[in-house]
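K.L.:
predicted model and sequence follow; I will ask about them next.
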Amino acid sequence: MSDSVGRVLGTEDATPLSFWVGVGPEAYAQLDDVLTTERQVPGVGTVRISGVVTAVRSRHEGAQFDSDVFDIAGGLLPAQVQEAAEVTVTRVEPEVFVPPRPGAEVQRATGEDRDRALYFDGMARQVPLGFSRDGQPVFLNPDFLDGTRGAHVSISGISGVATKTSFATWMLYSLLHSGALGAEAANTKALIFNVKGEDLLLLDHDNTKIDETVRDSYRRLGMEPGAFKSVEVLAPPREGDSNGVPDVACRSTGVDAFYWTLAEFCQLNLLPFVFADGDDDRQQYTMVVHQVAARLRKEARPKDNGAISVDGRLLTSYRDLVDLVCERLADDETRTEWAGSAIGLGTVNAFIRRLIASGRDIGRLIRGDLPPRGAALSSDAQVTVVDLHNLPDRAQRFVVGVVLRSEFERKEKAGTARPLQFVVLDELNKYAPREGTSPIKDILLDIAERGRSLGVILIGAQQTASEVERRIASNSAIRVVGRLDAAEATRPEYGFLTQAQRMRVLMAKPGTMFVAQPELPVPLVVNFPFPAWATRPAEAGSAPAAASRSGRALSATAKVDPFDLAGDDEDDIPF
């Protein structure tokens, strides 16, 4: 059913792509309303033109001067208040692109009319995103998310206000629990990098703070509210701990320590990820990095508990490895073998300085005192959270780079896109900046350009899309924007927003997102429900029982359950 809003204006140009509606005296139109009108076309019949309200205005008709408003309000001058709404066309049925006729009745689309206007009727599967301003459900076509016709998601917004992380986890929850993936959902995996605080370490705990209104919103979208049912948390070992106890404060079960052994570090050529900063790659000493990595791979011999020996010398810690490399590079007799024949002493010294400095950041992640677990990392958990928030920046880059490479290589070897793997990474502008190169950026580009065919789906979040590598942003089929600052909103990366929406994102409240998907020419404004899982320890209720192991090697060739969401507690604020 539909109700009349007004008629197509004759004082403004109506085109096949947009038109203005004069709002009737007893009606109203607000931003994001879905309106529809019809026109009779000779030889074709009835053409239905539908669209979304993208601007609304109100003014006095009959007034000449600004000061006339006072006389009109006092009844001294005759004038009429008239409201008008601009409609951006979303769908024309059949596709005969003619403008609506002035005076044609315009109705608010509801029910099946609304579904047709927003292409919901053509979605064989639907992922609930939340509610529009009129309280009606909004859906996403999973074909553009699971690789069928597109893949990858880009989420942008101000830190602490845009709720980027909350929306990313909500989208994954909806995808896994709405039935959009069918039986495939049971095997779909997700990997989350938690980079700030411990909020994302409680995804499997029910949120005790939600009320019946929130629960009802989940049910209206076809889902039962609750926490993620299958979650495993991996955290780095505590600093100075020799037993591999995970460095986590908010939970004691369902959490393991991750690390790499010295043998894996050498055999799997992980040294370049110690120098994964974009600034590193612009320096000449990166040539030394690859030469040393090749030498370690050739000469390192594995020993017990992940230790190695080089020329008969036993190395049991990352510091031991750093000392050996520095000695080989300082020795005139071995420098050429370890650094290359055309490398100057200044370049070698620059490499040595940075390698020594990395010991403070990487030391607890590269172990020769704990047994390797290798492929035992492969987990039955649907969601794996890799906690990075206690690690310094260089260590975070190392973990992200190695894990992403291992996941991508594993999917390449599998040769099939199923089961799907979702990877959520916050601060994407740090790992894939627009300028410069790095090993991590190369991997992310590979995922963006080839991940769809391999079933690796990236959900990237960043404060500023303008600072992210263009090819990654352009390969994202779904683009989501929360609140932005004024300077960022004017950048061309947000050209998919209407002019009115560029102004609205400056005042968007937490929980309000602008979602663009390929089938619709206008981004839809979505309010998504409050998370039904704990976003901070104070909200945490019960969690599924989980056995905690003392440590687990995060092997560069092991299977890591992919999920998203770069643990961004800045975004996990109530709304």
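P.N.:
That came through, no problem. Given the structure is predicted, the values throughout are model-derived calculations rather than measurements.

K.L.:
what residue spans form the domains of this structure?
P.N.:
3-122, 129-240+379-546, 261-367 (automatic domain parsing).

K.L.:
for those domains, which one ends up most surrounded?
P.N.:
domain 129-240+379-546 (a mean of 20; mean count of other Cβ atoms under 10 Å). C-betas here are computed from N, CA, C, even on glycine.

K.L.:
so how far is it off the chain centroid?
P.N.:
Centroid separation for domain 129-240+379-546 versus its chain: 3 Å, with Cα atoms, centre = their mean, to the nearest Å.

K.L.:
helices and strands of the chain: which one has the lowest mean pLDDT?
P.N.:
The helix or strand of the chain with the poorest confidence is strand 567-568; it has a mean of 38 (mean pLDDT, DSSP states H and E).

K.L.:
turn the domains of the chain into TSV, columns for distance to residue 247.
P.N.:
Below are the domains of the chain laid out as TSV (distance: least, Cβ to Cβ, whole Å):
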stretch	distance to residue 247
domain 3-122	45
domain 129-240+379-546	4
domain 261-367	8
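
K.L.:
among those, which is nearest residue 252?
P.N.:
Proximity to residue 252 (Cβ to Cβ) singles out domain 129-240+379-546 among the domains of the chain, at 10.1 Å.

K.L.:
and that closest one, average pLDDT?
P.N.:
What domain 129-240+379-546 shows for mean pLDDT is 90.

K.L.:
so residue 416 sits against residue 453, correct?
P.N.:
No. Using Cβ atoms under 8 Å, residue 416 is not in contact with residue 453, being 10.0 Å away.

K.L.:
circling back: for residue 246, which of the domains of the chain is the nearest?
P.N.:
Residue 246 sits nearest to domain 129-240+379-546 of all the domains of the chain, at 3.9 Å, using Cβ to Cβ.

K.L.:
the most far-flung residue of the chain relative to its centre and residue 366, how far apart?
P.N.:
What lies farthest from the middle of the chain is residue 76; by Cα atoms, centre = their mean that is 57.7 Å. Shown here: residue 76 relative to residue 366, a distance of 83 Å by Cβ to Cβ, to the nearest Å.

K.L.:
returning to what we had before: how about the domains of the chain, which one is nearest residue 251?
P.N.:
Taking the domains of the chain one by one with Cβ to Cβ, domain 129-240+379-546 is closest: 6.1 Å.

K.L.:
all strands of the stretch 401-550 of the chain, in order?
P.N.:
421-425, 456-462, 478-481, 512-516, 524-527 (DSSP state E, counting those that start in this stretch).

K.L.:
which one, of those strands, ends up nearest to residue 174?
P.N.:
That would be strand 524-527 among those, by Cβ to Cβ, at 11.1 Å.

K.L.:
can you spell out which helices and strands pack onto that closest one?
P.N.:
strand 127-131, strand 512-516 (3 or more Cβ pairs under 8 Å, 6 or more residues apart in numbering; DSSP states H and E).

K.L.:
quick one: the first one to chain centroid distance?
P.N.:
Just to be clear, that refers to strand 127-131. That offset, for strand 127-131, works out to 16 Å (Cα atoms, centre = their mean).

K.L.:
so after that strand, what's the next helix or strand?
P.N.:
Under the assignment DSSP states H and E, the closest C-terminal helix or strand after strand 127-131 is strand 137-140.
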